[in-house]
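[1] What would the 3D arrangement of this be:
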Amino acid sequence: MNHRDSFLRLAQPTLALFAGLVLWTASPVMAGAQTCSDDQTERATNYSLYYEDFKNGNYEASLPYLRWILKCAPGFPSGNDRNFRRAVEAYEKIGMASEDAGRKRTYLDSALYVFDTTVERLKAASLPVDEFHWTFQKGFFVQQHAAELPDLQGGVGALYRAAFEMDAARMQPYYVNYIIADFVQQGDKAAAVSFMDEVEDKIQGVQEITDLLATWRGQLFTSPEERIAFLESQLEKNPDDKELMAELFQLFIDEEGYRDRVYEMAPRMMELDPSARTFRMIARMRLEDGETDEAIRLYQQSLDMPGGMDGAREVHYNIGIAHQQEGRLSRARTSFREALAVDPNYGAAIIGIGDLYVSAVQGCGSFEREDKAVYWLAADYYERAAARDNAAASAAQNRLSNIRRYFPSAEDKFFKGWNAGDSFTIDYGCYGWIGESTRVR
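    Residues are numbered from 1 along each chain as shown. Just a heads-up that it's a prediction; the model follows:
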């Protein structure tokens, strides 16, 4: 069974799920509770009756009133999906407490029915919808109940994959690994490779993810040459496949010894896929080869292309790096600030500004007391990066540790009349372009 079939199988009701649907709709409730009403007192009464039993663990007793709430006032009282989440919990608790396998499965299928219908019901009620949560949690629910739902395990990977497409940043490394392993188990190495590249593009700066992808690539391809051979064989079959060409091109860029192939392939890439992604890959190559102005030109062009603002944070950062390599520190800072305008918590750009100030001290060269004071400002940026971006915290702390020994000494501060906590502006001499204030440490 392929990935799509597995997903569709999970998305469609089974016979057991119809049994769950019976549980969902049948409710020996008080006569007035079977008909919806806009009466707030009736809503509050049904909510109170279900919640009192629910919080005390009397899940079966809570169900008639909970079903009424889900049908007639799904967002009552807080305007969110809490009642649906409780319905899943109630069905799961009742099912898992049963010794009868058939009854257990029926209640678990009822919980799955909640997963399958909640998003549309929330939309119909104009309530906030977290589609990622309901897709991801359905996969987790099925995986968690592998013993009770063995026939549904083949679709777990597809559910996690669908959740990843909705919000990659919320997928923890374990579930990324699960998706890759699922592809590999199905014998679809190409899909695994494609997904890993997508992960690498969408989840950046997470060391655990980087290590995970490196481990899998090591298992799937014993050498870069093997992967290149695999991609080239696929490209021979599909010479106009932009995705295959882009992946091969990226690999040529990443691996040493293929620069000639990169330059040979670049015009064809830009012709076949004149996209922001293509221009950025070539810009990266130019930047790595020291052709900074050409890299800047290509990066800037990419921003004006369709979808060019996707990934703009990294583009502005790389433009900043190019300016920095040419000693254009003020222009580099402007680019880093443009990256931070996209994402104020982007640790690499915050560190980048701190690095510019350290470079400025090294460039001025006199290393007088006023020069040393610039390190205070650099330290401010390193501390900010460590506080805002976990992925950058280690690098920021290392830099901070390295520059502390250059801070003005107690004698320096005494001589200049600097008192701890005083504001101090860096705007003098060759630091005139900085124009920022720090605090005396």
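[2] which helix in this structure runs the most residues?
    helix 101-124 (DSSP state H).
[3] just checking, next helix/strand downstream of it?
    helix 131-144 (DSSP states H and E).
[4] and the following helix or strand past that next one with helix 101-124, angle?
    Counting by DSSP H and E, the next helix or strand C-terminal to helix 131-144 is helix 156-166. Orientation check (axes from the mean of the first three to the mean of the last three CA atoms, to 10 degrees): helix 156-166 against helix 101-124 gives 20 degrees.
[5] So which elements touch the longest helix of the chain?
    Where contact means 3 or more CB pairs under 8 Å, 6 or more residues apart in numbering; DSSP states H and E, helix 101-124 is packed against helix 15-25, helix 82-97, helix 131-144. Where you see a C-beta, it was placed from the backbone N, CA and C, and this is true even at glycine.
[6] Would you mind listing the buried residues in stretch 237-245?
    For stretch 237-245, a neighbour-count test (16 or more other CB atoms under 10 Å) marks Leu244, Met245 as buried.
[7] That one - what's its average pLDDT?
    Averaged over stretch 237-245, pLDDT sits at 81.
[8] Domains of the protein: list them as residue ranges, please.
    Annotated domains of the chain cover 1-152, 274-336, 344-441 [automatic domain parsing].
[9] Any chance of TSV for those, columns mean neighbour count, mean pLDDT and distance to Gln172?
    TSV is the format used below for the domains of the chain (neighbours: other CB atoms under 10 Å; pLDDT from 0 to 100; distance: least, CB to CB, whole Å):
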stretch	mean neighbour count	mean pLDDT	distance to Gln172
domain 1-152	17	85	10
domain 274-336	19	92	22
domain 344-441	17	93	14
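[10] Tabulate those domains (JSON lines), appending distance to Val193.
    Listed next are the domains of the chain as JSON lines, based on distance: least, CB to CB, whole Å:
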{"stretch": "domain 1-152", "distance to Val193": "15"}
{"stretch": "domain 274-336", "distance to Val193": "17"}
{"stretch": "domain 344-441", "distance to Val193": "24"}
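[11] who wins for proximity to Leu244 among those domains?
    Closest to Leu244 of the domains of the chain is domain 274-336 (CB to CB; 13.4 Å).
[12] measure that closest one end to end?
    For domain 274-336, the first-to-last residue distance is 26 Å (CA to CA, to the nearest Å).
[13] next one: stretch 49-60
    Stretch 49-60: ends 12 Å apart by CA to CA.
[14] From the rest of the structure, what touches stretch 214-228?
    With contacts defined as CB atoms under 8 Å, 6 or more residues apart in numbering, stretch 214-228 is touched by 177, 180, 184, 189, 192-193, 196, 230, 248, 251-252, 254-255.
[15] List only buried entries from the residues you listed.
    Asn177, Ile180, Val184, Ala192, Val193, Met196, Phe230, Leu248, Leu251, Phe252, Glu255.
[16] that older thread, mind putting the helices and strands packed on helix 101-124 into TSV with distance to Pro408?
    Below are the helices and strands packed on helix 101-124 laid out as TSV (distance: least, CB to CB, whole Å):
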stretch	distance to Pro408
helix 15-25	71
helix 82-97	56
helix 131-144	50
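[17] Lovely, talk soon.
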